[in-house]
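1. structure of the sequence below:
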Amino acid sequence: MEAHLTVAAVVQWQGRFLVVEEEIKGQRRFNQPAGHVEPGENLLEAACRELKEETGLTATPTAWLGTYLFKPADSEATFVRTALIFDLEKAPGQHHPEDPDGDVLACHWLTLEEIAECKPALRSPLVWQCIQDYLAGTRLPLSALKAFI
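-> I've put the predicted structure just below:
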C-alpha cells in the first residue's frame with residue numbers, strides 16, 4: 001500500500017469555514033488548506049506551512065480534530081490525513097497565498113450551507129467529514145500528537 005501523509009487546517013470564523021478553490025486534473029475543487037507533510041516536518045509544522053502557503057494566513061493550531069484514512073476510487077494511493085483546528089484571534093484580512101504548487105485559484109469563507117451546495121466539487125469526502133466533526137465539538141489535545149523525526 002502506498003500511503004501519503006497529509007495535513008489539513010480547519011479554520012472557522014463567525015460561522016464561515018475557510019476553503020481553498022483549486023484546479024485538480026482540470027476541474028475546480030474545494031478543500032481545506034491541506035497538503036503533504038514534507039521531510040523533517042512534524043504534523044503541526046506542516047499544517048501551519050500549508051495554511052500560510054495556500055491562504056497567506058499565519059496561525060497556530062489549537063486542537064487536533066482527527067486522523068482520517070482515505071482511499072480514492074481512482075488511485076492506488078491511500079491518504080492518511082491529520083486535521084488540525086486553527087482558532088483565529090482576530091478577523092482574517094486579505095488572502096495572499098504563496099502557493100508554490102500553483103493550484104490555488106482562490107480562498108473563500110463559506111457557510112455550512114454553501115459548502116453543502118459544493119459537495120459534488122469537494123476534493124474528497126474528508127472535507128465534509130472534518131466540518132461535521134468540528135461542528136460536533138470534536139477537540140483532541142495537541143499534546144497527543146508525538147513526533148520522533
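2. for the protein, what's the longest helix?
-> The longest helix of the chain (DSSP state H) is helix 43-55.
3. following that helix, which helix or strand comes up?
-> Later in the chain than helix 43-55, the nearest helix or strand by DSSP states H and E is strand 61-70.
4. tell me the buried residues in the next helix or strand after that next one?
-> Next in sequence after strand 61-70, counting helices and strands by DSSP H and E, comes strand 77-87. Residues 79, 81-86 are the ones in strand 77-87 that count as buried (16 or more other C-beta atoms under 10 Å). Where you see a C-beta, it was placed from the backbone N, CA and C, and this is true even at glycine.
5. what strands line up against the helix or strand just after strand 77-87, and which way round?
-> Counting by DSSP H and E, the next helix or strand C-terminal to strand 77-87 is strand 104-110. Strand 104-110 pairs in its sheet with strand 16-24 (antiparallel), by DSSP bridges.
6. which elements pack onto the longest helix of the chain?
-> Counting contacts by 3 or more C-beta pairs under 8 Å, 6 or more residues apart in numbering; DSSP states H and E, helix 43-55 packs against strand 2-13, strand 16-24, strand 34-36, strand 61-70, strand 77-87, strand 104-110.
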